[in-house]
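Visitor: need a structure here:
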Amino acid sequence: MARKFSGKDSSLVMYAMLTPTFGLLAVFSLVPFLWAFATSFYDYEVGGESKFIGLANYVEYLHDPTLFSSFGNMFFLMCFGLMVVTTAPLIIAKLIFSLRSERARYLYRVLFLIPIVVPGVAGMMIWQGMIYGDSGFLNELLRSIGRDDLTRGWLTDPRTVMWAIVFMGFPFAGGINILIYYAGLAGISESVHEAAELDGARGIRKFLRIDVPLVLSQIKLLTILTVIGTVQGFEGMFILTKGGPGFKTMVPGLWMYMNAFSFQRMGYACAIGVILFLLILTLTILNMRYLRSSEELTAESA
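Guide: Numbering: from 1, shown residues only. Just a heads-up that it's a prediction; the model follows:
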């Protein structure tokens, strides 16, 4: 006779099915984090003996000569990234969504997705050599209009290097970001659009009064991802400038990497990593607390 499972039995089965996932997550994510947190209290070099030094690594980092410049660069990149991710992809998604032909909408979505198949590192190398190089597009364009005096090494000049880095990827039409906004716009009920038009809301006014508030969930998601990616990220600086010239493009993530794998100061690098983790946690909590999603706004107005 087949046994009937009660609600409690079903819950136990589901928990049992989730156990391998949580086990792997603990082994490959939680354990390394706890190891890094514990290592931050030690003077530890790879292959050498470890010595407990308490909070000395954290105190040293507070007096690190790269501290203020690296965090300044990180917050500059974060602010610029947030400005970009909340404007250009949303506007492009709205333009695609406004097309009357469904075939045209599909075609443009595909066209904007094609560039993501190019590896990020390859894209950076293209910008480094073909756009910002001594004989790259930007310098050749200036020479062609007779402004040789403005040509320079865009990634080696301290006055231009940060701006050169943030403008990589121009016109900032990230395919994934566009699709996220497009999905949000597609999820808006047709009755909402009809009611807005009856009230005389059209064009930019309708976009600002109706569309933007109803895609706040997508804006919130991309804001969190941008903040986390900026705090953690260092690949671009590592590939393009190695933090130079001087410390002009140094960011905390790159300094952590260099201390861990170039200077072999694993304990010090772990202390930087813990500080970055606490920063990400704080910024994420603030984001979740103060940036409302469209669902929360709807619930509050109901």
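Visitor: which residues sit in contact with residue 266?
Guide: The contact partners of residue 266, taken as C-beta atoms under 8 Å, 6 or more residues apart in numbering, are 39, 44, 45, 46, 259, 260. From N, CA and C alone the C-beta is placed, and that goes for glycine too.
Visitor: Check it and give its pLDDT.
Guide: At residue 266, the model reports a pLDDT of 90.
Visitor: Tell me the spacing between it and residue 15.
Guide: As defined by C-beta to C-beta, to the nearest Å, residue 266 lies at a distance of 37 Å from residue 15.
Visitor: again, but for residue 57
Guide: 39 Å.
Visitor: Neighbour count: those two, which is higher?
Guide: In terms of neighbours (other C-beta atoms under 10 Å), residue 57 is the more surrounded of residue 57 and residue 15; the figures are 24 against 10.
Visitor: tally of neighbours for the nearest residue to residue 171 once chain neighbours are set aside?
Guide: Among residues not flanking residue 171 along the chain, residue 88 sits closest, at 6.4 Å (C-beta to C-beta, 6 or more residues apart in numbering). Neighbour count for residue 88, taken as other C-beta under 10 Å: 18.
Visitor: There's contact between residue 88 and residue 181 in this structure, I believe.
Guide: No - look at residue 88 against residue 181 with C-beta atoms under 8 Å: they stay out of range, at 10.1 Å.
Visitor: okay, now residue 245: neighbour count?
Guide: Neighbour tally, residue 245, other C-beta under 10 Å: 14.
Visitor: excluding its backbone neighbours, what's nearest it?
Guide: Take residue 245 and drop its neighbours on the chain: the residue closest to it by C-beta to C-beta, 6+ apart is residue 158, 5.4 Å away.
Visitor: How about the backbone phi and psi for that neighbour?
Guide: Phi and psi for residue 158, reported as degrees, to the nearest 10, are phi -60, psi -30.
Visitor: Then residue 168?
Guide: phi -70, psi 130.
Visitor: From residue 85, how far out is the residue nearest to it when sequence neighbours are not counted?
Guide: Spatial nearest neighbour of residue 168, excluding adjacent residues (C-beta to C-beta, 6+ apart): residue 127 at 4.8 Å. As judged by C-beta to C-beta, residue 127 and residue 85 stand 19 Å apart.
Visitor: These two: which is more packed in?
Guide: Between residue 127 and residue 85, counted using other C-beta under 10 Å, residue 127 has the larger neighbour count: 24 against 21.
Visitor: I'd assumed residue 166 was in contact with that one.
Guide: No - the criterion here is C-beta under 8 Å, and residue 127 misses it with residue 166 at 11.6 Å.
Visitor: Distance-wise, check residue 278 relative to residue 58.
Guide: For residue 278, the distance to residue 58 - C-beta to C-beta - is 11 Å.
Visitor: what element comes up after whatever helix or strand residue 91 lives in heading to the C-terminus?
Guide: If you go by DSSP states H and E, residue 91 is part of helix 88-97. Toward the C-terminal end, the helix or strand that comes next after helix 88-97 (DSSP H and E) is helix 102-113.
Visitor: Report the distance from that following helix to the chain centre.
Guide: 24 Å (C-alpha atoms, centre = their mean, to the nearest Å).
Visitor: where does the stretch 1-150 of the chain dip in pLDDT?
Guide: The model of the stretch 1-150 of the chain has pLDDT under 70 over residues 1-9.
Visitor: can you pull out the helices in it?
Guide: Using DSSP state H, counting those that start in this stretch, the helices found in the stretch 1-150 of the chain span residues 7-25, 31-39, 56-62, 67-85, 88-97, 102-113, 120-126, 137-144.
Visitor: Quick one: closest of these to residue 50.
Guide: helix 31-39 (7.6 Å; C-beta to C-beta).
Visitor: just to revisit the earlier point, give me the buried positions along the helix holding residue 91.
Guide: For helix 88-97, burial by neighbour count (16 or more other C-beta atoms under 10 Å) applies to 88, 89, 90, 92, 93, 94, 96, 97.
Visitor: How much space separates residue 41 from residue 49?
Guide: 15 Å.
Visitor: who has more neighbours, those two?
Guide: residue 41 (19 against 8).
Visitor: mind listing what that one touches?
Guide: If you count contacts by C-beta under 8 Å, 6+ apart, residue 41 has them with 52, 53, 54, 55, 57, 267.
Visitor: For the residue nearest to the second one when sequence neighbours are not counted, grab the count of nearby residues.
Guide: By that I understand residue 53. Nearest residue to residue 53, sequence neighbours excluded (C-beta to C-beta, 6+ apart): residue 43, at 4.9 Å. Residue 43 has 17 neighbouring residues, counting by other C-beta under 10 Å.
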